[in-house]
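# here are the coordinates; sequence isn't available:
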């Protein structure tokens, strides 16, 4: 078992030990959302742009290759 002194420095993790040496309770504080909400917003926008590109490619495939076998069309639909 790892000793409490050997734990890496994690400022958001507070360990409180009880009277017994082998039991420890941990209380985890979530990070502040002020510094993470912008990254989440940018990632959402990029994800939506990539989803639009994928849907556009699937639409172009369906319009341009109408004579492809059904199993291939199903594979493309499953991939999207």
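It's in. Keep in mind that this is a model prediction, so the values were computed, not measured.
# report pLDDT for residue 71.
Note for residue 71: predicted pLDDT of 94.
# next secondary structure after the host helix or strand of residue 44?
Assigned by DSSP states H and E, residue 44 falls within helix 37-64. Going down the chain from helix 37-64, the next helix or strand is helix 70-79, by DSSP H and E.
# mind listing what's buried in that following helix?
Judged by neighbour count (16 or more other Cβ atoms under 10 Å), helix 70-79 contains no buried residues. (Glycine included, C-beta is placed from N, CA and C.)
# that one packs against which elements?
In this structure, helix 70-79 packs against helix 37-64, with contacts taken as 3 or more Cβ pairs under 8 Å, 6 or more residues apart in numbering; DSSP states H and E.
# and the helix it packs on, what does it pack against?
Judged by 3+ Cβ pairs under 8 Å, 6+ apart, the packing partners of helix 37-64 are helix 70-79.
# just the angle for the helix holding residue 44 relative to helix 70-79, thanks.
Orientation check (axes from the mean of the first three to the mean of the last three Cα atoms, to 10 degrees): helix 37-64 against helix 70-79 gives 170 degrees.
# identify the residues contacting stretch 73-80?
Contacts with stretch 73-80, where a contact means Cβ atoms under 8 Å, 6 or more residues apart in numbering, come from 54, 55, 58, 61, 62.
# ok, the fourth one - contacts?
For residue 61, the contacting residues are residue 76, by Cβ under 8 Å, 6+ apart.
# so for it, what's the pLDDT?
95.
# could you measure from it over to residue 69?
Counting by Cβ to Cβ, to the nearest Å, the separation of residue 61 from residue 69 is 13 Å.
# now the second one
Taking Cβ to Cβ as the measure, residue 55 and residue 69 are separated by 22 Å.
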